[in-house]
Structures are given as structure tokens and as C-alpha cells.
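Student: Take this sequence and fold it.
(one chain, ligands or ions: 2)
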Amino acid sequence: MSIRVGIVGISGFGGGEALRLIAAHPAFELVYAAGEGSAGSRLVERFPGVPAKLAGLLIEKWDPEALPPLDVLFASLPTGASAEALARVPETVKIVDIGGDHRYADGWAYGLADVWPEQIAGRSRIANPGCFPAATLNTLAPLLAHGLIAPGNIVIDAKTGISGAGRGGGDSRFGFAESNENLQPYGLLKHVHMPEIATTIERLSGGSADGLVFTPHLVPMTRGVLVTIYCRGSASTEQCLGAARAFYADRPFVRVTDRPPQTKWATGSNLSFVSYAADPARKLVIAMGVVDNLGKGAAGHAVQNANLICGLPETAGLDGAPVWP
Ligand SMILES: NC(=O)C1=CN([C@@H]2O[C@H](COP(=O)(O)OP(=O)(O)OC[C@H]3O[C@@H](n4cnc5c(N)ncnc54)[C@H](OP(=O)(O)O)[C@@H]3O)[C@@H](O)[C@H]2O)C=CC1
Ligand SMILES: CC(=O)N[C@@H](CCC(=O)OP(=O)(O)O)C(=O)O
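Tutor: Ligands and ions are numbered 1, 2, ... in the order given. Purely as a prediction, here's the structure:
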């Protein structure tokens, strides 16, 4: 029997990527689509290339009290816009929230699926990590778990494609003329992802994440996140790579590479690439991670989490190769 799923926020970048993955999923059947401004449109009007079986599905006005029978709801709403409404979704409907309202909130599991799948399976309320935290935490987890780096004074230099800002795009700095041939830092000192990154570093290490620095930069590409993370530790490059290979030995989506990873390696996939370069003499470990912000950074991770809470193979609907070039 198929598992009935819905997507609220389907017209957005995160919701659209969830639609793409669910349309090809072997067990999920999309029976509900919702939004605000897009309500009243058929899916084909928003996504001309949508598979024929879904073309006529009507985008409903989002109303948590008017859901059809559903097993799983993917919520891809602007951060700040989901908490009140999702609290009114019946308990019988499992939820994966792609937005930021429930990360480390009471009653919600933080869905860092590659690192702690056992904390996700069996739950019914999952908060998907943000795109930068997904890239960062997958990269740091093996080093923190093996005590190869200090949890304090970690410096994260991050780069993101423009789609990370969503279709709404916020303000004019996301337009073509402003972003093409341009690089800009933003969110200095107080980006919203810092709390979930710090909390998870502390959970994984048992130490304090004091001194954390995180600076994202907007890069003129559509998709992709690259994090270059500077840490203190005496491990060698081989020790770091070995720790990551052991940590992710049975995990399907994390690839440990000798070479520094590149954003295009992950495009269109739920993969996460990690690599390391370390100089014990300088007590310096450079950890590098890559994800697709709409894949492991959003909808791919959400489908992985949904697979876990539905008792499906974790890779269901996610085993396609990345887009290349
Ligand atoms: N883009 C990315 O790479 C990532 C995004 N996220 C998070 O995912 C969430 C969605 O982001 P993204 O897809 O990029 O954003 P978009 O701006 O592309 O899409 C937002 C969606 O939310 C819908 N929406 C807005 N307000 C309402 C409302 N009041 N009721 C119902 N629907 C509403 C819009 O629908 P309509 O068009 O119908 O108005 C639209 O479908 C955000 O919380 C974001 O932070 C997380 C990780 C990565
Ligand atoms: C380019 C850009 O603006 N990117 C977003 C990250 C998207 C994301 O992961 O968002 P949530 O944590 O809200 O879910 C940002 O920096 O806020």
C-alpha cells in the first residue's frame, strides 16, 4: 500500500524539490499540495514538467484543519510561519518540517539522519536541519565523536548558492544583476543557524562550543553549499579521514574523499561529501563539506527522514546519481 503524503509550500524551492523526489518515490503517493499565493493552481501550471499522474493536483489553501487522510506532511514554509499551524495538524499525521521553527524544540527530533538515524526512527515530529548545519555537522561529527578536535573556537567559512534564499528571495541582493559576478558575506556574528550548530557540536562532543564563528557567503551559482571549517586538534589528515570512514562505514549518503570536495559533486542528490587536511605541528584541522542545499540541505534530507519514520529503506527514492556537469 502506498504512503499518502502532502507538501505545504510546494511552489517554493524546497517544496518543489520535495515534489521532484516524491514523484519518483517507490512508496510515497502525493495526495495533497498546499500554499498561499499559489493556491487554486494545478501543479502543471506551476511545474510544466510535472509527471502526468500529478499534473491535475490542485494546490489548496493551507489549512491544517482541512487535510485529506494523510500519513506524512512535508512542511516547507518560511521560518516563523509554520509553528502555529503545524501544532494544529492531527497527531496521526507524521510531519517533517523543512523550515527552521522546530529545531531543538520540545517534542521534535532534530533530524540529523546520517549521524543519528536511531534517534529519528519511531518519531512522528522531525525538524530537518538547515542547509549549513547539514553540511557542517556531517563534516564535524566523526572528528567530535572521536575526540580529534576541540569543540570550542571552531570557525566555519561557508558558501551557498542563491537558491538557498528561496524563491521569495528576500530582497534585491538575490536578483541576477546583484548576484551574478559578485560575492558577498552576510549574516555576520548572528546567523540563525548558529544555535543548532552549537547545540549539536555540544551533543556530539560533550564539551562547550564557545567561540564558534560562522560566516556564510552568497555565491553566484544556483545550488550548492561548501563549508571550510577551521578546528584545533593534533590529528593527522589520515586519522581524520580514517575516523570519518569508520563513522560512516554503513551510512549510504556520506562520501569521504581524499580530495577537497566540490559543490557540483552533490547537485541534485542527497549526498554529503566530507574531507580533511590536517597539520599536527600547527594543531590545525581543516574540515571540508559539500551538500546540495535543496538535497541534503532540505528536501533530500526530509525524504530520508520520512523514510526513517515510515520504516522504509532509508535510500527509497534517493538513490539516483547527481546531475553532472
Ligand atoms: N532554499 C533552501 O535551500 C532551503 C530552505 N530551507 C527552509 O525551507 C523553508 C522553505 O524555503 P524555500 O522553499 O527556499 O522558500 P520559498 O520562498 O521558495 O517558498 C516558500 C513557500 O512557502 C509558501 N508560503 C509562504 N507563506 C505561506 C503561508 N502563510 N501559508 C502557506 N504557504 C505559505 C509559499 O507558497 P505560495 O507561493 O503559495 O505563497 C512557498 O511555496 C524555509 O523555512 C527555509 O528556510 C531549509 C533548507 C534549505
Ligand atoms: C542564501 C540564503 O539566504 N540561505 C539561507 C539558508 C537556508 C536554510 O537552510 O534555511 P532555514 O534554516 O531557515 O531553514 C540563509 O542563510 O538563511
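
Student: where do the helices sit along this protein?
Tutor: 13-23, 43-46, 52-55, 83-86, 131-145, 176-179, 194-205, 237-247, 300-310 (DSSP state H).

Student: Count the neighbours of the closest residue to residue 235 other than its chain neighbours for me.
Tutor: Nearest non-adjacent residue to residue 235, counting by CB to CB, 6 or more residues apart in numbering: residue 148, 4.1 Å away. (Each C-beta comes from the backbone N, C-alpha and C, glycine too.) Using other CB atoms under 10 Å, residue 148 is surrounded by 23 other residues.

Student: contacting residues for the closest residue to ligand 1 within the chain?
Tutor: Closest approach between the chain and ligand 1, counting by CB to the nearest ligand atom: residue 12, at 2.0 Å. Taking CB atoms under 8 Å, 6 or more residues apart in numbering, we find residue 12 in contact with 35, 76, 166, 167, 168.

Student: Equivalent analysis for residue 62, please.
Tutor: 8, 34, 35, 36, 39, 77, 85.

Student: What distance do you get for the last one to residue 193?
Tutor: Relative to residue 193, residue 85 is positioned 23 Å away (CB to CB, to the nearest Å).

Student: These two: which has the busier surroundings?
Tutor: residue 193 (21 against 16).

Student: which residues does that one contact?
Tutor: Counting by CB under 8 Å, 6+ apart, the residues that residue 193 touches are 130, 132, 133, 214.

Student: isn't the second one right next to residue 224, touching?
Tutor: By that I understand residue 132. No - Residue 132 is beyond contact range of residue 224, at 11.9 Å (criterion: CB atoms under 8 Å).

Student: Quick check: neighbours shared by those two?
Tutor: residue 160.

Student: Could you find the closest non-adjacent residue to the residue nearest the centre of the chain?
Tutor: Nearest to the mean C-alpha position of the chain, by CA atoms, centre = their mean, lies residue 297 at 2.4 Å. Nearest residue to residue 297 in three dimensions, chain neighbours excluded: residue 131, at 2.9 Å (CB to CB, 6+ apart).

Student: dump the residue contacts of that neighbour.
Tutor: By CB under 8 Å, 6+ apart, the neighbours of residue 131 are 160, 164, 225, 291, 293, 296, 297, 298.

Student: now, which of these lie close to ligand 1?
Tutor: 164, 293, 297, 298 (CB under 6 Å from any ligand atom).

Student: Ligand 2 contacts on the protein?
Tutor: Counting by CB under 6 Å from any ligand atom, the chain sits next to ligand 2 at 79, 99-100, 130-131, 160, 164-165, 187, 192-193, 216, 218, 297.

Student: Please determine how far the closest residue to residue 199 other than its chain neighbours is located from residue 293.
Tutor: When the adjacent residues along the chain are set aside, residue 199 lies closest to residue 104, with 5.5 Å between them (CB to CB, 6+ apart). Remark: distance between residue 104 and residue 293 (CB to CB) = 20 Å.

Student: Any buried residues in the least confident helix or strand in the chain by mean pLDDT, and which?
Tutor: In the chain, the helix or strand scored least confidently by mean pLDDT, DSSP states H and E is helix 176-179, which has a mean of 88. By neighbour count on 16 or more other CB atoms under 10 Å, the buried set for helix 176-179 is residue 179.

Student: Other residues contacting it?
Tutor: Counting by CB under 8 Å, 6+ apart, 162, 172, 173, 218, 220 sit against helix 176-179.

Student: just checking, residue 202 touches residue 151?
Tutor: Yes - between residue 202 and residue 151 a contact is recorded at 6.6 Å, counting by CB under 8 Å.

Student: Which residues are in contact with each of those two?
Tutor: With contacts defined as CB under 8 Å, 6+ apart, the residues shared by residue 202 and residue 151 are 208, 209.

Student: Neighbour count: the two, which is higher?
Tutor: Using other CB under 10 Å as the criterion, residue 202 and residue 151 rank with residue 151 on top: 23 against 16.

Student: who's sitting farthest from the centroid in the protein?
Tutor: residue 281 (34.8 Å).

Student: Distance of the closest residue to residue 254 other than its chain neighbours relative to ligand 2?
Tutor: With CB to CB, 6+ apart as the criterion, residue 254 has its nearest non-adjacent residue at 4.3 Å, and that residue is residue 248. Distance, residue 248 to ligand 2, by CB to the nearest ligand atom, to the nearest Å: 22 Å.

Student: that older thread, among the residues of the chain next to ligand 2, show me the least confident.
Tutor: Ranked by pLDDT, those bottom out at residue 79 (90).

Student: how about it, what does it touch?
Tutor: 99, 100, 101, 192.

Student: Look up the closest residue to it, ignoring the ones flanking it.
Tutor: Closest to residue 79 by CB to CB, 6+ apart is residue 100, at 3.7 Å.

Student: that older thread, out of the contacts of residue 79, who's nearest ligand 2?
Tutor: residue 100 (3.8 Å).

Student: Ramachandran angles for the closest one?
Tutor: Main-chain dihedrals, residue 100, degrees, to the nearest 10: phi -100, psi 10.
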